[in-house]
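Engineer: Quick one, what's the 3D model for this:
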Amino acid sequence: MTRIQLRIVTRVLLALSCGAFVMPVPAQDYPSKPIRIVTSPAGGGNDFPARVVARGLSGPLGQQVIVDNRPTVLIGEIVAKAPPDGYTLLVSGSPHWIGPLIEKASYHPIADFAPISMLDRAPVVLVVHPSMPVTSVRALVQLAKARPGDLNYSSGGAGGSNHLGAILFNHLARVNIMRVPYKGSGPAMTAVMSGEVHLMFPGVGAVAPHVKSRRLRALAVRSAQPSAFLPGVPTIAASGVPGYESDAKHALFAPAGTPAAIVARLNQEVVRLFQTPEARGIFVKGGVEAATCSPDELTAIMKSERETIGRILRAAGIRKP
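Structural biologist: Residues are numbered from 1 along each chain as shown. Have a look, this model is predicted:
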């Protein structure tokens, strides 16, 4: 072996030995600096669970966990491109895995992310502005059929809970209520309360105070069973649109390639957090139910919903531009 060949072999062996020694360190020492959770603007549906997680994990992880609010359309892209080291996480809901079926995205919602855990499930309600001449789902369907294309609804990001709720409603009720998009669920809620749009499908927790103050009228909930947050409000399925059932979900993700040990640590801490009465109580006050799961279970949920919603979108003739 020549001197040059020996030098090359020595360098390769040194690189391999260093790599073998260094690779496990990030997982062993994690976390050694603050963690940021990227999510949509403050006050939106994603922001609430993100802040619960940030507050609840800062102590057990021994590092500050910061919520980084960004425009909803950017949060997936930001995290997908972040280093897979566990220091940049994502909290998002159905727009993350359903939105790319409707609008083009720069990332794949499953392949480009490491799922950590589901965070919550939230019942959703169909509300209208009080000036609307309807007090039931049946009356709304009749009005929509009498005025095809005249009624509209507000929604945040494409593939979000309120957007999907309306798509499903249009398909099953055979009506054509038009979408008016806004830059998040907060502005979308303001739009229906001000009368800019006729109706919306928001989360029960966010809308319950406005229903009680009569700034909005609740017609029905989207879940399979009535919600304790809105006593006396029936389900959409029982109000003339059989087969209608849907709820909102939020989940925690890391970039694809994040070490399995880090994902497991984060999952363990999230599950432990949501087993505490304090965290569950915060969620109940927000109108949602804590619901954690394993990374594999979250992947299965996303794949199942993408398949189911994909069929509905194809049947409704909705395609990506």
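Engineer: remind me which residues of this protein are low pLDDT?
Structural biologist: Counting by pLDDT under 70, the low-confidence segments of the chain come to 1-27, 319-321.
Engineer: Following element in sequence after the longest strand seen in it, please.
Structural biologist: Ranked by residue count and defined by DSSP state E, the top strand of the chain is strand 113-122. Remark: after strand 113-122, the chain's next helix or strand is strand 125-128, criterion DSSP states H and E.
Engineer: Could I get the full set of helices for the protein?
Structural biologist: In the chain, helices defined by DSSP state H lie at 3-22, 25-29, 47-61, 72-80, 94-97, 99-102, 137-146, 161-173, 185-194, 204-212, 260-273, 277-285, 295-315, listed in chain order.
Engineer: Please work out which of these is packed deepest.
Structural biologist: Using mean count of other CB atoms under 10 Å, the stretch among the helices of the chain with the largest mean neighbour count is helix 94-97, at a mean of 27. Any C-beta I mention is one placed from the backbone N, CA and C, and that applies to glycine too.
Engineer: name the helices or strands packed onto it?
Structural biologist: If contacts are counted by 3 or more CB pairs under 8 Å, 6 or more residues apart in numbering; DSSP states H and E, helix 94-97 sits against helix 161-173, strand 248-255, helix 295-315.
Engineer: Output the helices of the chain as JSON lines; include the columns distance to residue 124.
Structural biologist: Formatted as JSON lines, the helices of the chain follow (distance: least, CB to CB, whole Å):
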{"stretch": "helix 3-22", "distance to residue 124": "47"}
{"stretch": "helix 25-29", "distance to residue 124": "38"}
{"stretch": "helix 47-61", "distance to residue 124": "14"}
{"stretch": "helix 72-80", "distance to residue 124": "17"}
{"stretch": "helix 94-97", "distance to residue 124": "11"}
{"stretch": "helix 99-102", "distance to residue 124": "17"}
{"stretch": "helix 137-146", "distance to residue 124": "14"}
{"stretch": "helix 161-173", "distance to residue 124": "6"}
{"stretch": "helix 185-194", "distance to residue 124": "11"}
{"stretch": "helix 204-212", "distance to residue 124": "7"}
{"stretch": "helix 260-273", "distance to residue 124": "23"}
{"stretch": "helix 277-285", "distance to residue 124": "15"}
{"stretch": "helix 295-315", "distance to residue 124": "14"}
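Engineer: Out of those helices, which gets nearest to residue 230?
Structural biologist: Taking CB to CB as the measure, those were each checked against residue 230, and helix 204-212 came out nearest at 6.0 Å.
Engineer: residues making contact with the closest one?
Structural biologist: Outside helix 204-212, the residues that touch it by CB atoms under 8 Å, 6 or more residues apart in numbering are 45, 48, 122-125, 127, 185, 189, 193, 216-218, 221, 227, 229-230, 285-288.
Engineer: again, but for stretch 141-158
Structural biologist: 40, 44-45, 72-73, 95, 99, 102-103, 133-134, 162-163, 166, 173-185, 187-189, 191-192, 196-201, 240-241.
Engineer: how long is that stretch from one end to the other?
Structural biologist: 23 Å (CA to CA, to the nearest Å).
Engineer: how far is that stretch from where the chain is centred?
Structural biologist: 24 Å (CA atoms, centre = their mean, to the nearest Å).
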